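Chemist: Just to be clear, the model below is a prediction. Sequence and coordinates:
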Amino acid sequence: EDKVVQSPLSLVVHEGDTVTLNCSYEVTNFRSLLWYKQEKKAPTFLFMLTSSGIEKKSGRLSSILDKKELFSILNITATQTGDSAIYLCAVQDPGTYKYIFGTGTRLKVLA
Amino acid sequence: GAVVSQHPSWVICKSGTSVKIECRSLDFQATTMFWYRQFPKQSLMLMATSNEGSKATYEQGVEKDKFLINHASLTLSTLTVTSAHPEDSSFYICSARRGLAGKATQYFGPGTRLLVL
């Protein structure tokens, strides 16, 4: 059975801290891995990763994929209260384009 | 970026009634849309894949007669929760696939909160 697992489940940090969120996967077929941020409504897209070892960066957020070890990390540096959200990782099946979502990591950044 | 809308945003209904939720891709055509359900403090669970002009593909454990999906045009998919019960109360989110194979991305709607009394 295809599985995407994120850790930690929940995290509380102070503003300015750096956090690393983990996503590991076991899937039959892999096309890409995606990271989303979900606040009160639907998820918003952060990154899509298809190649191993290439870091994607957007401001204080960055992500990298390791296809050999089947995991990805999302880094957030100099965290702000606005980073508080659930961060979701999803793996895309190449045949059906379906996403398999991970359990999510709930991040809370304290002022 | 691509825009996907859902209607309604919120719905409260009595047990036994049917509720229809619309998902529209506003600035692109989507041959494939997806319907997810999210319970509080849980992740998104895929319910079904909606294909324009053909029957939806349901995930294991999702009752197709209870959750009717119609994808009548390239910009609209509807999910009807038939004879809704309190356990159907959830956050329903749709997404629309945009882009060519290999670079396709899903764009999510804002979600619909359903509360069945």
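Modeler: In hand now; what should we look at? Numbers count the residues shown, from 1 in each chain, chains lettered A, B, ... in the order given.
Chemist: need the residues of chain A near chain B, please.
Modeler: Applying Cβ under 8 Å from any Cβ of the partner chain, we find that chain A lies next to chain B at A:31, A:34, A:36, A:41-45, A:48, A:88, A:90, A:96-104, A:106. Any C-beta I mention is one placed from the backbone N, CA and C, and that applies to glycine too.
Chemist: Surely B:Glu87 forms part of a helix?
Modeler: Yes. Counting by DSSP: H, G, I helix; E, B strand; the rest coil, B:Glu87 falls inside a helix.
Chemist: Report how many residues lie close to the closest residue to chain B within chain A.
Modeler: Residue nearest to chain B within chain A: A:Ala42 (4.0 Å; Cβ to the nearest Cβ). A total of 22 residues lie near A:Ala42 under the criterion other Cβ atoms under 10 Å in any protein chain shown.
Chemist: Okay, and which of the residues of chain A next to chain B map to strands?
Modeler: Of these, the ones assigned to strands by DSSP state E are A:Leu34, A:Tyr36, A:Thr44, A:Phe45, A:Met48, A:Leu88, A:Ala90, A:Tyr99, A:Ile100, A:Phe101, A:Arg106.
Chemist: What subset of the residues you listed is buried?
Modeler: A:Leu34, A:Tyr36, A:Met48, A:Leu88, A:Ala90, A:Tyr99, A:Ile100, A:Phe101, A:Arg106 (16 or more other Cβ atoms under 10 Å in any protein chain shown).
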